[in-house]
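Participant: Pasting a predicted model and its sequence here:
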Amino acid sequence: MGTLYVNGLIRTMAHEEDVHSTMFVEKTRIIAMGEEGKLRRRFGRRIEQIQDLNGKAVYPAFTDAHIHLIGYGEAINRVDASRYTTLEALGQAFLKAEPINGIHVAEGYDETKLDRAPTKAWLNQLFPDVPALLKRTDRHTALVNDVLFQQLGYKASTVIDGGKIGLSDNGEADGFLYDAALEPLYALQAGNLERNKSSLRSAIKNLYQYGIIAAHTEDLSYHGDVADILQAYKEVTQETGFHTHLLVHHLVIDEFVQQQPILPSTMSIGAMKLFVDGALGGRTALLGRGYSDDPTTRGIEVHTPEQLEQLVKRARSYGFTVAAHVIGDLAIERFVQVLEKYPAPKGKRDRIIHATVVRPETLARIRKLPVLIDVQPVFLLDDADFIVDRLGLNRLDWSYRLRSLAETGALLCGGADAPISDPDVRRSLYAATEGTAGRVNKANETLSMYEALLLFTKNPHLATETHGRKGLLLPGYDADFVIFEEDFYRLRGEAILNNRLVETVQAGKTVYQAEAALI
């Protein structure tokens, strides 16, 4: 016995204009698509319920192909620094927040959106006697007060491979930590089994409101014991039905392989994850030449070319593909060079994550590699206030190159990198199809709406080889779909951002429904 959805605009995403008005769902599967009359006659008494879509648009449910699921869940319950436009207001909220493992934490500040930038003196004044941590929106830069700095055992002279201690003009530590210098903080903030389960539940509940029912995620080295993190994922994904594809950070790859975990059907394992560089906002992304607004730095090289090669060789020895965070043009070049030397196993794809700044000659080299690329269209919106200053106009031509990346033949998958960016898929669709934000105009690098939707529907399942039953709306596929008030294909500009999600359906069950939804 099932439900007949009628009078809709149901886009299967199998082809750009493959549209039906009626869909029959029985239990957890799509049984048939077509015209209402034919399906009524065909299934007769098996139709238990008829749901009139009233012309609303239906798409396959979304998958976010790059997220930090536990981190996103934790951020939901912490001070969201991105909400504040003045440092005073941020400070007041920060003071009221409950500490985590004894540390006061706020997440996601962007100095370009505040009336003045946060400083160590400001943080010390707020928290003179207890440890405090303020994370930048990209999570590659953080500000700590003196108490926490000393607790970490750092000095101004501390040298950190793949990271650095920020220094003021007089050579004293200024409280800022960059990239690998943040790693000791993970243990101090680590969760336990119950807290990680709670964070996962919070994250999943929020993602349902955006139509997201699956994710490719990387959490295994940040939130406590690997076995406990895996157990949290097992319990919560089986409880919710939310599907997760886990990348394995190189810091825990040996431990993970030794454990040989047995996973439920709601989980799968992907590539070994590593970082080649940092982020543009904090000037730690690795560029071929100095930043336009600070020529003294080209960013941070998290691993030397020799170290990078050894990491890729270790992944290959375990039979893993490799996923690398690469944002700057030199970082991408370094990773591509290693992949050319140690290609992925036959039939597999390595994963390039972000690819924000790419030289034309590097695009040509990517064309020859078996890779998929995690793109974050929403970064265009998030970076617009500072990116021209960081890169200058000439290198801006190399950035946010969705169309150029697609033309390499690589499989493109979409994500928001939450909690770095808002996981609302509408923002990504807007950025991918409009290509403009602030002073930045990348209209020549946009995708069609069909191509943009593929980033969050079919393509992530091609990446995880689950495309025979997920990512499209076809007979035999899982009944995972979203219902929107309007058809994205017919919307432009801010209308994309305002398109209302009415319902999220996972395996035939409604997991989110908008208030006063009239269907």
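Facilitator: Looks like it came in fine.
Participant: Go through the helix or strand hosting Glu183 and flag the buried ones.
Facilitator: Using DSSP states H and E, Glu183 maps to helix 183-189. Of all the residues in helix 183-189, those buried under the rule 16 or more other Cβ atoms under 10 Å are 185, 188-189. Where C-beta positions appear, they are placed from N, C-alpha and C, glycine not excepted.
Participant: What is the subsequent helix or strand relative to the helix or strand bottoming out on mean pLDDT in the chain?
Facilitator: Counting by mean pLDDT, DSSP states H and E, the chain has its least confident helix or strand at helix 183-189, which shows a mean of 87. Counting by DSSP H and E, the next helix or strand C-terminal to helix 183-189 is helix 193-208.
Participant: still on that earlier bit, contacts for the least confident helix or strand of the chain?
Facilitator: Identification of contacts with helix 183-189 by Cβ atoms under 8 Å, 6 or more residues apart in numbering yields 100-101, 103, 105, 131, 133, 142, 151-153, 163, 177, 221-223.
Participant: Most neighbours among those, which one?
Facilitator: Leu177 (28 neighbours; other Cβ atoms under 10 Å).
Participant: Name all residues that make contact with the residue nearest to that residue when sequence neighbours are not counted.
Facilitator: Excluding the flanking residues, the one nearest Leu177 by Cβ to Cβ, 6 or more residues apart in numbering is Ala142, at 5.1 Å. Ala142 makes contact with 133-136, 176-177, 182, 185 under the criterion Cβ under 8 Å, 6+ apart.
Participant: make it 7 Å
Facilitator: By Cβ atoms under 7 Å, 6 or more residues apart in numbering, the residues touching Ala142 are 133-136, 177, 182.
Participant: Roughly how far does the nearest residue to His354 once chain neighbours are set aside sit from Ala364?
Facilitator: Once flanking residues are discounted, His354 sits nearest to Ile327: 4.9 Å by Cβ to Cβ, 6+ apart. In this view, Ile327 and Ala364 are 20 Å apart by Cβ to Cβ, to the nearest Å.
Participant: all strands for the stretch 401-519 of the chain, in order.
Facilitator: 411-414, 436-437, 440-441, 481-484, 501-506, 509-513 (DSSP state E, counting those that start in this stretch).
Participant: Could you export those strands as CSV, including mean pLDDT?
Facilitator: Output for the strands of the stretch 401-519 of the chain, formatted as CSV (pLDDT from 0 to 100):
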stretch, mean pLDDT
strand 411-414, 98
strand 436-437, 96
strand 440-441, 96
strand 481-484, 98
strand 501-506, 98
strand 509-513, 98
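Participant: Please convert those strands to TSV, extending it with distance to Val358 and mean neighbour count.
Facilitator: Converted to TSV, the strands of the stretch 401-519 of the chain look like this (distance: least, Cβ to Cβ, whole Å; neighbours: other Cβ atoms under 10 Å):
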stretch	distance to Val358	mean neighbour count
strand 411-414	13	25
strand 436-437	19	18
strand 440-441	16	15
strand 481-484	31	24
strand 501-506	32	22
strand 509-513	36	16
